[in-house]
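>>> quick one: sequence and predicted model below, then my questions.
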Amino acid sequence: MNNADFWASVRSIIAEGFSPEGLLKLDSYAEQFISGRLVYQRFSSREQYGCAIGGTTNVIASLLAGAEDCPNQDVAHTLSDFQSELERGAKQETVIECWAKAVGCWNDNVDSLLQSSFGEEIAEGGEAMVYDHGATLIKSIGLDYFILPILALDRISLHNAYFPETQLIVLGFGRDSKNEFKIICEQPFIVGSHVSDNEIAGYMRRMGFELKNARNWTYATPDIYLSDMHDENVIIAENGAFCVVDCDIRINTPELRQGGIRKLTTKVKFL
């Protein structure tokens, strides 16, 4: 199977409304992705492994978002870049929602579900609500920083690749009381101590990242853009390891103007 055949197959599964046969085929593609026989050229091998660490739900949602990551050429010329991105984002949300409902990992009221299951949130960030689940945290992550679900899913895969100590497992999807799309994840709860910005900077240098902007704690390599690396998002665990619990991590493309050399693609190949 080549790249064109693969995406034609995925789009056919979507068009047919996620029939039982289609769902089985998606599960097979996910298994091939996780085993490395299906290579997603958007990612390095390390990053594809990070996507797989996020679970089958993360893998299939990432592929479904990839199938809807092309703008509608019939109307693209009439829309601004922002409007076009909103349209792509809405299509990606819709296809993930339809699939998640078909497999039972969708909730129409995430706020109510999480509060009834775990009580009031223990923390709230720019795009996430955090709930206590004992040895783990449950996070309801929105699209505030991304618009496109594919980019929010990239963030989870990249986080797992570069910060596996605090890996994110995708449990499902839903909408909150404002009808906003949410990704529900589970992450280990790390007991640790405060770390200074200077210590974080040293940790980043050891990982090969260069400081780009101290005001928003932005670091980068030619491959990866990383920001929000401040002392509330990084802790030192009891064993002395640095643990990044939250950050804005992206594939570093030239458009980010941080020395990036990567291009976003949804091409695949089979080994």
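Arrived safely, thanks for sending. Numbers count the residues shown, from 1 in each chain.
>>> just give the nearest non-adjacent residue to residue 147, would you?
Counting by CB to CB, 6 or more residues apart in numbering, residue 147 lies nearest to residue 89, which is 4.7 Å off, once chain neighbours are set aside. (Each C-beta comes from the backbone N, C-alpha and C, glycine too.)
>>> pull out the buried residues from stretch 244-261.
244-252, 256, 258, 260 (16 or more other CB atoms under 10 Å).
>>> so which of the residues you listed is the closest to residue 188?
Nearest to residue 188, judged by CB to CB, of those is residue 245 at 9.0 Å.
>>> what sits against the residue nearest to residue 147?
143, 147-149 (CB atoms under 8 Å, 6 or more residues apart in numbering).
>>> among the residues you listed, which are in strands?
Using DSSP state E, no member of the contacts of residue 89 falls in strands.
>>> if we can go back for a sec, quick one: which of the buried residues of stretch 244-261 is nearest residue 24?
Of the buried residues of stretch 244-261, the one sitting nearest to residue 24 (CB to CB) turns out to be residue 251, at 30.6 Å.
>>> for residue 97, see how far away that closest one is.
Residue 251 is 25 Å from residue 97, where distance means CB to CB, to the nearest Å.
>>> what do you get for residue 148?
From residue 148 to residue 97 the distance is 15 Å (CB to CB).
>>> residue 145 now?
20 Å.
>>> ditto for residue 150
According to CB to CB, residue 150 and residue 97 sit 14 Å apart.
>>> so those two - more neighbours on which side?
Each of residue 150 and residue 97 has its neighbours counted (other CB atoms under 10 Å); residue 150 has more, 25 against 18.
>>> which residues touch the more buried one?
With CB under 8 Å, 6+ apart, residue 150 has these contacts: 62, 65-66, 69, 92.
>>> relative to residue 153, how far out is residue 15?
Relative to residue 153, and taking CB to CB, residue 15 is found at 22 Å.
>>> repeat for residue 136
Counting by CB to CB, the gap from residue 136 to residue 153 is 20 Å.
>>> give me the more crowded residue out of these two.
residue 153 (26 against 14).
>>> domains for the chain, by residue range?
3-104+266-270, 106-188, 192-256 (automatic domain parsing).
>>> can you list those in JSON lines and add mean pLDDT?
Listed next are the domains of the chain as JSON lines, based on pLDDT from 0 to 100:
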{"stretch": "domain 3-104+266-270", "mean pLDDT": "92"}
{"stretch": "domain 106-188", "mean pLDDT": "92"}
{"stretch": "domain 192-256", "mean pLDDT": "94"}
